[in-house]
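Chemist: need coordinates for the below:
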Amino acid sequence: MQSAKDFLKAEIDRKLAAASSITETAQKAARSLTSDEKQQVETLITEVNQFKARVQEMEDNERIAEAIEGMKRPTNQVAEPAGVKDATSFGDMFVKSSAFQNLQGAFKSGGLTGNWTSGPVEMPNFFDAKATVTSTASPIVNPDVRGGIEPLLMRQLTIADLLATGTTDSSVVRYVQEATNTNAAAGVLEGDLKPESTITFANVDEPVRKIATFLPITDEMLEDVAQLRSYLDGRLRLFVQHEEERQLLSGTGTAPQLRGLLNRTGVQTVAKGAGASPIDAIYTAMTNIRVNALVEPDGIVMHPTNWAAVRTQKDANGQYYGGGPFAGMFGDNLWGLRVAVTASIPVNTALVGAFATQAQVFRRNGLTVEASNSHSDFFQRNLTAIRAEERLALAVYRPAAFHTVTALNA
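Modeler: Reported below is the predicted structural model:
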């Protein structure tokens, strides 16, 4: 049976082939792509980037699982000396051991002459042995050691999946944005002058920013715990990705941060009125995007507490508007738009937008993880620094295509 990852890879190849076929057809005909063809190619590329991100996430999870599996070791069993199951001290263990019993028998029979030894008596090296041995504190009961590491959980990543993705080879991403326009189109009489419309443009520069972190760890730890390096690599990747998500939403734009969606000039906003429904306020935002930005919104970002309040709303008969807890077919969507639930957005604020078409993440390089002992005095101290970093920029082509809804708890 084909795995989910293999299916996604096959879909990536299929969609790339479809996009290539469309462009090759236009090239053979010595013509430009039609608007429909451009839309098809852009949609295919967006889907390819989304599938690639999902494949990368699966591979990261597989590496973490392999790392944890590699850290599983059999529990070292301490040999239990014969006859010491009920021993209460090291001395008691010795006199009840088979070696001492044999020695005692030799004494009684008079078989010991000259130099003699009892031979080695293997005992557990427990320094906290007590006079009373219990099942929970006994030095001769080995703990059931489970392999692997239980990591502290972190919130699910969602924002980057909403946005279009691209790559860049520069430190700055520049794009042209329509600044103003005047539509003077009107009916004219035969022979009259035609009215002139105007459009002005502005260059927008988005600097490529770096997000990074590092973790010092002893060389002995890396040597003694199998596959720990792979586990830490995965955790540091996640740390960087969580900071990326925060900056994509709320970055200030002051170096070295990205300017996030919530801090863009031109983003529309509306406050939910007292007593009004958050659902209605969000639909108002969707309408404003359609009217003022002339694009179709495709996603909503909400804090988990606000989404819970919306998802559990009921009508006068006590029935859930969203279909109830067992109606999984409704999923996380509202007014037909996907809802990305994340604690990265401030509570009581929602963001509605045309994420896939009006904003794009450009990656200067992928998220990389490296290790070195060249930091500070790490070589002398047998320490290794493991570093994770990435460089990226966020382009927002039409800020009015994004709309905040505030005071959701009013």
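Chemist: centre of the chain to whichever helix or strand Gln27 is part of, how far?
Modeler: Under the criterion of DSSP states H and E, Gln27 resides in helix 4-28. From the chain centre to the centre of helix 4-28 is a distance of 27 Å (C-alpha atoms, centre = their mean, to the nearest Å).
Chemist: same deal with stretch 334-347?
Modeler: Counting by C-alpha atoms, centre = their mean, stretch 334-347 comes out at 16 Å from the chain centroid.
Chemist: can you check which helix is longest in the protein?
Modeler: helix 35-70 (DSSP state H).
Chemist: now that helix: average pLDDT?
Modeler: Taken as a whole, helix 35-70 has an average pLDDT of 79.
Chemist: now that helix: buried residues?
Modeler: Buried residues in helix 35-70, counted by 16 or more other C-beta atoms under 10 Å: 37, 41, 44-51, 54-55, 60, 63-64, 67-68, 70. All C-beta atoms are positioned from the backbone trio N, CA, C, and that covers glycine.
Chemist: quick one, the helix holding Gln27 and helix 35-70 angle?
Modeler: With axes from the mean of the first three to the mean of the last three C-alpha atoms, to 10 degrees as the basis, helix 4-28 and helix 35-70 are set at 150 degrees to each other.
Chemist: and helix 4-28, what does it pack onto?
Modeler: helix 35-70 (3 or more C-beta pairs under 8 Å, 6 or more residues apart in numbering; DSSP states H and E).
Chemist: any idea which element Ala285 lies in?
Modeler: Ala285 belongs to helix 278-288, assigned by DSSP H and E.
Chemist: Leu215 now?
Modeler: Going by DSSP H and E, Leu215 is part of strand 209-218.
Chemist: give the other helices and strands that the longest helix of the chain contacts.
Modeler: Packed against helix 35-70 by the contact rule (3+ C-beta pairs under 8 Å, 6+ apart) you find helix 4-28, helix 159-162, strand 164-167, helix 228-250.
Chemist: could you list the buried residues of the first one?
Modeler: Which is helix 4-28. For helix 4-28, by 16+ other C-beta under 10 Å, it's Leu8, Lys9, Ile12, Lys15, Ala19, Ile22.
Chemist: which residue is the nearest non-sequential neighbour of the fourth one?
Modeler: Across the structure, with C-beta to C-beta, 6 or more residues apart in numbering as the measure, the residue nearest Lys15 apart from its sequence neighbours is Leu44 (4.6 Å).
Chemist: and for the second one?
Modeler: Nearest residue to Lys9, sequence neighbours excluded (C-beta to C-beta, 6+ apart): Val55, at 6.3 Å.
Chemist: surely the one you found touches Asp6?
Modeler: No. Val55 is beyond contact range of Asp6, at 9.6 Å (criterion: C-beta atoms under 8 Å).
Chemist: joint contacts of those two?
Modeler: When C-beta atoms under 8 Å, 6 or more residues apart in numbering defines a contact, no residue borders Val55 and Asp6 alike.
Chemist: if we can go back for a sec, how far away is the residue nearest to Lys15 from Phe7?
Modeler: Plainly put, Leu44 is 17 Å away from Phe7 if you go by C-beta to C-beta, to the nearest Å.
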